[in-house]
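**Student:** got a sequence here, can you model it:
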Amino acid sequence: MSEVIEMILILIIVTLCFLMIPFNLQPNAVIEARRKFEIFIRLYDKPYRYNVPDLKQVMVSGQIAQERGSPLDKFVIESKSAEMKDAIIFSRAKRSLFIPDYLPKVVDWREKNVVPTVKSQGNCGACWAISVVDTISSLSAIKQKQSNVTDLCIEKVINCAGNGNFGCDGGDTCRLLEWLQDERIELSTLSDCLSIQSHKNGSDCEFQKAGNREFISVERFSCVSLVDREHLMLRYLATRGPIVAAVNAISWQYYLGGVVQYHCESRYDDLNHAVEIVGYNLENSIPYYWVKNSWGTAFGDHGYIKIEIGKNLCGIANRVSFIELV
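**Tutor:** Model (predicted):
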């Protein structure tokens with residue numbers, strides 16, 4: 001009998017211990033996200049810089065978000081062009097795009113051979129420069145009606161751009177465009193860049209200034225929020241050419257294909273990457289943008305990712321740049 005009582009007492013003590021100890025059977029979200037991110041880093045051999053020890057704050061590919069509280073209006077240039085007027089009806093309540101018949105249902109500037117090849121930034125956080133310079137290359141080819149695009153010297157811009165940009169340690173698309181415009185920088189072709197480096201054994205930071213002749217230089221640009229106004233992005237893509245956008249690319253590490261429709265945060269403060277948007281498709285059951293990344297052709301769809309239109313997914317409409325060349 002004493003043995004039974006002793007066994008009961010032991011069971012009671014063990015039960016009380018379990019009731020007193022708080023268990024957390026759910027995996028820690030931050031630890032789990034960090035584990036998956038480390039797997040991605042090893043898989044693609046892509047080490048990144050961290051701003052603070054929180055995965056959400058990772059500088060994914062070098063786009064330094066604008067300082068909290070600083071005015072975005074510094075970079076806003078209101079377009080007086082009829083091309084930019086709100087001629088497309090947009091329903092904010094339903095978040096639906098109603099596209100008129102005269103807007104093409106499919107636009108893909110790659111079909112015109114005016115989009116440079118996908119770049120691989122490797123260990124260099126230079127998406128801010130790659131996206132802008134490649135977009136300028138595209139717009140130059142379109143303006144000059146070239147049958148093939150001419151690559152421009154991205155490395156020189158990475159190494160030399162001022163105005164608060166830090167080379168492979170990060171930069172900002174809007175600050176880069178402001179620097180290119182204010183300094184009247186004439187961008188070199190890739191062949192010229194390689195020729196200079198072969199003779200001088202290093203990066204040359206002396207840029208030619210825009211003169212009274214043909215050159216590739218930024219005349220003006222916009223850097224605006226088009227949240228709930230993505231129709232303006234479609235309009236520009238259809239009538240002018242590719243555009244630059246800042247995005248939140250944290251979740252892109254898991255992208256294998258298809259159209260991104262969910263699980264891609266859109267907060268302005270979470271922008272951490274920069275890309276070139278080269279077209280769209282409104283005929284698909286889920287309309288999407290064609291977004292050119294800079295993680296090499298092994299990423300996604302041969303270096304591209306499809307983002308659903310109309311939801312500001314991944315913050316794609318938070319900070320958009322339209323560029324006009326001289």
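
**Student:** ranges for the helices of the stretch 101-250 of the chain?
**Tutor:** Under the criterion DSSP state H, counting those that start in this stretch, the stretch 101-250 of the chain contains helices at 127-143, 154-160, 173-182, 190-200, 230-239.

**Student:** and the shortest one, average pLDDT?
**Tutor:** Same thing as helix 154-160. The pLDDT scores in helix 154-160 average 91.

**Student:** out of the helices of the stretch 101-250 of the chain, nearest to residue 290?
**Tutor:** helix 230-239 (9.1 Å; C-beta to C-beta). C-beta: built from backbone N, CA, C; applies to glycine.

**Student:** picking up where we left off before, please identify the deepest-packed of the helices of the stretch 101-250 of the chain.
**Tutor:** helix 127-143 (a mean of 26; mean count of other C-beta atoms under 10 Å).

**Student:** so which elements touch that helix?
**Tutor:** Of the remaining helices and strands, those touching helix 127-143 by 3 or more C-beta pairs under 8 Å, 6 or more residues apart in numbering; DSSP states H and E are helix 154-160, helix 173-182, strand 243-247, strand 273-281, strand 323-325.

**Student:** what number of residues lie near residue 206?
**Tutor:** Residue 206 has 8 neighbours, counted by other C-beta atoms under 10 Å.

**Student:** meant to ask about residue 106, not that
**Tutor:** The number of residues packed around residue 106, counting by other C-beta under 10 Å, is 14.

**Student:** so it versus residue 223, what's the distance?
**Tutor:** 27 Å (C-beta to C-beta, to the nearest Å).

**Student:** got it, and residue 243?
**Tutor:** Going from residue 243 to residue 223 by C-beta to C-beta gives 11 Å.

**Student:** repeat for residue 297
**Tutor:** For residue 297 relative to residue 223 (C-beta to C-beta), the value is 29 Å.

**Student:** more neighbours: which of the two?
**Tutor:** When residue 297 and residue 223 are compared for neighbours, residue 223 comes out ahead with 24 against 14, by other C-beta under 10 Å.

**Student:** would you agree that one is in contact with residue 177?
**Tutor:** Yes: Residue 223 is within contact range of residue 177, at 6.9 Å (criterion: C-beta atoms under 8 Å).

**Student:** spatially nearest residue to residue 267 (excluding sequence neighbours)?
**Tutor:** Nearest-residue entry for residue 267: residue 315, 6.6 Å, with adjacent residues in sequence omitted and distances by C-beta to C-beta, 6 or more residues apart in numbering.

**Student:** who touches that neighbour in this structure?
**Tutor:** Neighbour list for residue 315: 246, 247, 248, 265, 266, 267, 268, 270, 271 [criterion: C-beta atoms under 8 Å, 6 or more residues apart in numbering].

**Student:** how much space between it and residue 147?
**Tutor:** 35 Å.

**Student:** before we move on, what about residue 292?
**Tutor:** Distance of residue 292 to residue 147, given as C-beta to C-beta: 20 Å.
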